[in-house]
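Colleague: Would you be able to build a 3D model of this:
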Amino acid sequence: MFPIGDDNSDRHIQPMVNYAIIAVNVLVFVFLQGFGANEHFDYAFSLVPKEITTGIDLTTPQIIRDTLTGQTAQIPNYASPLPVYFNFLSSMFMHGGFMHLFGNMLFLWVFGDNIENRLGHIRYLLFYLLCGFAAAIGQILMQTDSVVPMLGASGAISGVLGGYLLLFPRRSVRAIIFNFFTTVPAYVALGLWIAYQIISGYLTPAGTGGVAYAAHIGGFLAGLILVKIFAIGTQDTNLNSPNRSGT
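Modeller: Numbers count the residues shown, from 1 in each chain. Next up is the predicted model:
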């Protein structure tokens, strides 16, 4: 599922926090990660499950074995200048490549503004960060001894998607689904997305690296749970009619 846009006709505030989050992600990737070429920064500030569960910063190279292919690889760890727990935050604003960054920021651009419009600036920022934290915890619980670094905004954005699904289930979303451009209710678009995450996570053997599906699922569940709490006292515009045209 590749989103193109949604209905923003009820938006009454500029989503400045959403814009700022996108900007920080881009700036970190360009200036601190050096477009992904700054290995020292990437390995020092990404989140490593074993570092969190042991509280010990891994500073020597680690050998990992792909359980699917049997091939081995070396991870060149670097010392972090800050406590390893800071990497819960830093890893949320880092990406493994341009397409990783682009895909995440596109999802955030399409869906994040509506959540910020409903929650307000401060609540939205707290909601976003808590979803990212919960997503990381979900991945760590699945692989407590993993030395494979985790990075990316996907977990926090998954929380945004979970919140969007609960608050705006019937809002029109324009997307490319199975190579077709179409407009569908949010529950269809995001239902397909989370179903893919669950199936892929189930079929992907542990220890093969790649996409952190557990983080996506954990973030999504956190968004479903937390968004109603953060939305207490906010105005519901009830803009969920299925025949509402997108803008």
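
Colleague: how about stretch 175-189 as PDB, C-alpha atoms only?
Modeller: Taking C-alpha atoms only, stretch 175-189 is exported to PDB below (Å, rounded to 0.1, in the frame of the first residue of the first chain):
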ATOM      1  CA  ALA A 175      -3.300   5.200  -2.600                       C
ATOM      2  CA  ILE A 176      -1.600   2.800  -5.000                       C
ATOM      3  CA  ILE A 177      -2.700  -0.700  -4.000                       C
ATOM      4  CA  PHE A 178      -1.500  -3.800  -5.900                       C
ATOM      5  CA  ASN A 179      -0.300  -1.400  -8.700                       C
ATOM      6  CA  PHE A 180      -3.700   0.200  -9.100                       C
ATOM      7  CA  PHE A 181      -4.500   3.900  -8.200                       C
ATOM      8  CA  THR A 182      -7.600   4.000  -6.100                       C
ATOM      9  CA  THR A 183      -9.500   5.800  -3.300                       C
ATOM     10  CA  VAL A 184     -10.500   3.600  -0.400                       C
ATOM     11  CA  PRO A 185     -11.600   4.100   3.200                       C
ATOM     12  CA  ALA A 186      -8.800   4.300   5.700                       C
ATOM     13  CA  TYR A 187      -9.800   0.900   7.300                       C
ATOM     14  CA  VAL A 188      -9.100  -0.800   3.900                       C
ATOM     15  CA  ALA A 189      -5.800   0.900   3.200                       C
END
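
Colleague: what residues does stretch 16-23 touch?
Modeller: 105, 108-109, 112-113, 116, 121, 124-125, 128, 153 (C-beta atoms under 8 Å, 6 or more residues apart in numbering). For every residue, glycine as well, the C-beta is placed using N, CA and C.

Colleague: the strands in this protein, which residues?
Modeller: 2-6, 62-65, 72-75, 172-177, 180-185 (DSSP state E).

Colleague: coming back round to it: include pLDDT, neighbour count and distance to residue 194 when you put the contacts of stretch 16-23 into CSV, please.
Modeller: Output for those, formatted as CSV (pLDDT from 0 to 100; neighbours: other C-beta atoms under 10 Å; distance: C-beta to C-beta, whole Å):
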residue, pLDDT, neighbour count, distance to residue 194
105, 98, 20, 20
108, 98, 24, 16
109, 98, 15, 19
112, 98, 25, 17
113, 98, 22, 20
116, 98, 25, 21
121, 98, 16, 27
124, 98, 24, 21
125, 98, 16, 23
128, 98, 27, 18
153, 98, 29, 17
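
Colleague: Those residues in helices, which ones?
Modeller: 105, 108-109, 112-113, 116, 121, 124-125, 128 (DSSP state H).

Colleague: returning to that earlier point: packed most tightly, which of the strands of the chain would that be?
Modeller: strand 172-177 (a mean of 19; mean count of other C-beta atoms under 10 Å).

Colleague: Mind listing residues that contact it?
Modeller: 1-7, 110, 181-186, 188-190, 192, 242, 244-246.

Colleague: cutoff 7 Å now
Modeller: 1-7, 182-186, 189, 192, 244, 246 (C-beta atoms under 7 Å, 6 or more residues apart in numbering).

Colleague: List the pairing partners of it within its sheet, with orientation.
Modeller: strand 2-6 (antiparallel), strand 180-185 (antiparallel) (DSSP bridges).

Colleague: which one of the contacts of stretch 16-23 is nearest residue 160?
Modeller: residue 112 (5.3 Å; C-beta to C-beta).

Colleague: how far away is residue 103 from residue 52?
Modeller: Distance of residue 103 to residue 52, given as C-beta to C-beta, to the nearest Å: 26 Å.

Colleague: ok, now residue 102?
Modeller: Taken as C-beta to C-beta, the span from residue 102 to residue 52 is 28 Å.

Colleague: returning to that earlier point: need the strands of the chain in TSV (columns: distance to residue 12 and mean pLDDT).
Modeller: TSV is the format used below for the strands of the chain (distance: least, C-beta to C-beta, whole Å; pLDDT from 0 to 100):
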stretch	distance to residue 12	mean pLDDT
strand 2-6	16	94
strand 62-65	49	85
strand 72-75	47	88
strand 172-177	18	94
strand 180-185	22	94
